[in-house]
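below: sequence and its predicted model.
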Amino acid sequence: MRQALLAAIPLLLAGCAAGVPGGDGPAQTAGAQGRRYQTTATVLQSRDHGPELCLGVVLDSFPPQCRGLPITNWRWDQVKGQKTAGGTTWGSYHLVGTYDGASFTVLRADRPPPARRPSREERFRDEPKSACPEPEGGWPVPDPARRSERDLEPVTRAARAEPDFAGVWLSYLEPMGHNVAEEPGEFVLNVAFTGDLERHQAQLRSLWGGRLCVTRQQRSYRELLRIQRELHGAAGSELGLHVLSTGIREDANAVSLEVVVLEERARQALDARFGVGAVQVTARLTPVG
């Protein structure tokens, strides 16, 4: 049921992915030359290319496919755990090495520890939360007949049509087990705008009878889309970023940005250009020590 409800809210996450350039990207600053980085990722070699570090999307095919950073000194006979099929060899490793802006040189390669499955409480803790405090006496459900899955699409469509629309997301009230039937009343529908909340509240209440939080956010969804486009274009190039992917976090009112490496100067420049908190950035290669 939760998957179905989320599917009824289109464009909760607008994402874009970009391949990692193999030598034509911006060079690292002088201070980063020779710095050691670490990551856990797939190394893949195919008939089309030599060993590469897959930091972006790995296609879920058999054999898998990716394009990433060329590795200058990789040797399969010095590692364990790799698989080979259809002319492709791949494996997952924890790597330490150096990065020159175009390629990765391995200093150490180990098998990563087994991934730990998070508990349902941990998964619940990481889910989006409501932007509104729970009202005294609990969340009201004014019209239980209009809180079902079929009611979500028209209310979210109406919200997204507003020029000052900023985001929409569901926040669940308690963690769910794998086999528990999730009824529509177990979440709060959160809708954010930058403008007149009273008007928006009245409009949405005419369409939605379930738990509702109408809240204000700083940036409109259109503004987030503009930031996302700039990161894939001029802004990313000017800041010397190797952009792997971007997405829109509607609950956080921010653009998520994944890059190969992140210099502190680039982090500060992102805040200065777009505003503090507008871009939530993570790097796949992190400095050692």
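Perfect, I can see it now. Numbering: from 1, shown residues only.

what sits closest to residue 262 if chain neighbours are left out?
Nearest residue to residue 262, sequence neighbours excluded (Cβ to Cβ, 6 or more residues apart in numbering): residue 283, at 4.0 Å. C-beta here means a position set from N, CA and C on the backbone, and glycine is covered the same way.

show the backbone phi and psi for that neighbour.
phi -110, psi 140 (degrees, to the nearest 10).

who touches residue 145 in this structure?
With contact taken as Cβ atoms under 8 Å, 6 or more residues apart in numbering, residue 145 is in contact with residue 209.

try 6 Å this time
Applying Cβ atoms under 6 Å, 6 or more residues apart in numbering to residue 145 gives no contacts.

how close does it get to residue 137?
Separation of residue 145 from residue 137 (Cβ to Cβ, to the nearest Å): 21 Å.

sec struct for residue 200, please.
Here residue 200 is recorded as helix under DSSP: H, G, I helix; E, B strand; the rest coil.

the closest residue to it other than its chain neighbours pairs with what?
Distances taken as Cβ to Cβ, 6+ apart put residue 193 closest to residue 200, at 5.1 Å, once the chain neighbours are dropped. Legend: beta-bridge partners of residue 193 under DSSP bridges are residue 165, residue 216.

residue 256: which element?
Using DSSP states H and E, residue 256 sits in strand 254-259.

and that strand, average pLDDT?
Strand 254-259 carries an average pLDDT of 97.

chain center to it: distance?
In terms of Cα atoms, centre = their mean, to the nearest Å, the centre of strand 254-259 is set 7 Å apart from its chain centre.

any chance you could list what contacts stretch 69-83?
20, 22, 51-53, 89, 91, 103-106, 109, 111.

how about the helices in the chain?
Using DSSP state H, the helices of the chain run over 2-7, 120-126, 149-160, 197-205, 221-232, 234-238, 264-274.

and of these, who's closest to residue 257?
helix 221-232 (5.8 Å; Cβ to Cβ).

that closest one vs helix 264-274, what angle?
If you take axes from the mean of the first three to the mean of the last three Cα atoms, to 10 degrees, helix 221-232 sits at 140 degrees to helix 264-274.

how about helix 221-232: buried residues?
Residues of helix 221-232 classed as buried by neighbour count (16 or more other Cβ atoms under 10 Å): 221, 223-224, 227-228, 230-232.

can you list the low-confidence ranges for the stretch 151-289 of the chain?
Applying pLDDT under 70 to the stretch 151-289 of the chain flags residues 176-185.

how about 80 then?
Residues of the stretch 151-289 of the chain meeting the criterion pLDDT under 80: 174-185, 289.
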